[in-house]
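Colleague: sequence and predicted structure, then a few things I'm wondering about:
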Amino acid sequence: MTTLSRRHALSLRGLLVWSTMVGLFSEMARYKAGIDIKAFYFLLLFNSVILLSLGRFVINKPLVLLYGYLLFSGFVSIAAGTNTLRAFSAQYIGIILTSLYFYNFFRFEHFDFRSLFLLYTRLAYWVCWIGILMLPLQYAFHDSYLRAHSVMAEPAQFMMIVMPAIYYFLEGTVFHGKYKLESAIGLLAMFLADSSVGYVGLLLILICLVAKSRHKLLLVTVPLIVAVSIGGFRLVSANFQARFDDIVKAATTLNVAEVDVSTYALASNAYVALRVLQEHPLLGNGLGSHEQSHDKYLFDIAGVGNISAENQKMNKEEAASMLIRTASDLGLVGVFLVLLFVWKFHLSGPSQAATINNAILIYLLLKLFRAGHYFPPEFFFFVFAYVFSYLYKKAVPVEALSAIRWRTSYPEAPAQ
């Protein structure tokens, strides 16, 4: 290879890597025009064209199975009249494009999930700094959120995307004495965001760290951590207290009349999903159908008449929760497959791969709890890093899962 072509290859690789990794934090760069038009979609298409031109774009067999299942359930739901071709196609095409891109992005990087994840943690660290430094400006200019949200649209999104990095830093601090500054900045950003997603994420982090320590009284320690954490969060955060108390109220009274907007979004969409499961328990109403289901069942919810017309539609497109949306769109079969995926590819142990895997587990659990969009910029990056960290540690060759075989060389694991 000539010097010129080698430089070209290196610059092209840098363009793909840096644009993709920075793009993970680009959720706020979007324009609403009937559908969300996001800057990341243009980036994804541009980079996909580059990979195609290099002959580095293939389709993975498990992904083909996923696409086939979603296509089958979509056709069934459209034929049954519970879904529309437009709603199904929007989600189906989005899932295919983003998942295919990220699979081939990892393949282009020789499935080096560790280097890519470490680059993500560096970027997340600076995103936390931006969130901290922006807060005085938000107060000065009367931002709609007087809580840290950095370059993301809202505090919950901010916490969702940086949580794996915060876990990675905290585990390094607790067990190896590393990343002390990064851990401090991450925790400060978390408390300044004052988001229930952040507090739940911190609770999950504490549970994971205790589980990793293999404490003899693990079964006693975990419930104690949960109880103390919830009590502590309710004391230090009026926002968390309101969310927690309203969730309890909505669950016990089955009425949404006097709950805050965020709790209403969860409760109302959960009710819609339950109604869908009553009628179509196995396959749900089809991929992309939740918005139609929401319109159908909304006014069956007690107290919804007390909610303003604008807030009644809160999160109706994506159900406010991946678990709720999966139940509504794909039924119990879909819920089972999602939970099976999370369980199957979970990795434990002292290795760096396990640390990355557990960091991403936090994100996936938060995603199930509080974000229903099927293909935000960061989602499939984390999904494939989760899978490849497991396959690497279990010494499963990635090429065995591909429709096209190629040689894969994993770098040697660094000393812990």
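Modeller: Sure thing, it's come through.
Colleague: only C-alpha atoms for contact and neighbour calcs from this point on.
Modeller: Will do.
Colleague: quick check: next helix or strand after the least confident helix or strand in the chain by mean pLDDT?
Modeller: Lowest mean confidence among the helices and strands of the chain (mean pLDDT, DSSP states H and E): strand 30-33, at a mean of 71. With elements assigned by DSSP states H and E, the helix or strand that comes after strand 30-33 is strand 35-38.
Colleague: list the buried residues of the helix or strand just after that next one.
Modeller: Following strand 35-38 in sequence order, the next helix or strand is helix 39-53 (DSSP H and E). Neighbour counts over helix 39-53 (16 or more other CA atoms under 10 Å) mark 39-41, 44, 47-48, 51 as buried.
Colleague: could you dump the residues you listed into TSV and include distance to His176 and pLDDT?
Modeller: Below are those laid out as TSV (distance: CA to CA, whole Å; pLDDT from 0 to 100):
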residue	distance to His176	pLDDT
Ala39	39	88
Phe40	36	91
Tyr41	39	90
Leu44	37	93
Asn47	38	94
Ser48	39	93
Leu51	39	91
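Colleague: Tyr297: which of those is nearest?
Modeller: Tyr297 lies nearest to Tyr41 out of the buried residues of helix 39-53, by CA to CA, at 32.2 Å.
Colleague: what's the separation between that closest one and Phe108?
Modeller: 19 Å (CA to CA, to the nearest Å).
Colleague: same question for Asn285.
Modeller: 37 Å.
Colleague: higher neighbour count, the two?
Modeller: Legend: neighbour count by other CA atoms under 10 Å for Asn285 and Phe108, higher for Asn285 (31 against 17).
Colleague: tell me the SS of that one?
Modeller: coil (DSSP: H, G, I helix; E, B strand; the rest coil).
Colleague: what do you get for the one 3 residues further on?
Modeller: Secondary structure for Gly288, judged by three-state DSSP, is coil.
Colleague: give the contact list for it.
Modeller: 83, 87-91, 329 (CA atoms under 8 Å, 6 or more residues apart in numbering).
Colleague: could you dump the residues you listed to a markdown table with neighbour count and secondary structure?
Modeller: Output for the contacts of Gly288, formatted as a markdown table (neighbours: other CA atoms under 10 Å; DSSP: H, G, I helix; E, B strand; the rest coil):
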| residue | neighbour count | secondary structure |
| --- | --- | --- |
| Asn83 | 24 | coil |
| Ala87 | 19 | helix |
| Phe88 | 22 | helix |
| Ser89 | 15 | helix |
| Ala90 | 13 | helix |
| Gln91 | 17 | helix |
| Asp329 | 32 | helix |
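Colleague: poorly predicted segments of the protein, please.
Modeller: Residues of the chain meeting the criterion pLDDT under 70: 1-10, 33-35, 142-145, 215-222, 396-416.
Colleague: which SSE is immediately downstream of whichever helix in it runs longest?
Modeller: The longest helix of the chain (DSSP state H) is helix 113-140. Under the assignment DSSP H and E, the closest C-terminal helix or strand after helix 113-140 is helix 155-176.
Colleague: could you check the angle helix 113-140 makes with that following helix?
Modeller: In terms of direction (axes from the mean of the first three to the mean of the last three CA atoms, to 10 degrees), helix 155-176 departs from helix 113-140 by 130 degrees.
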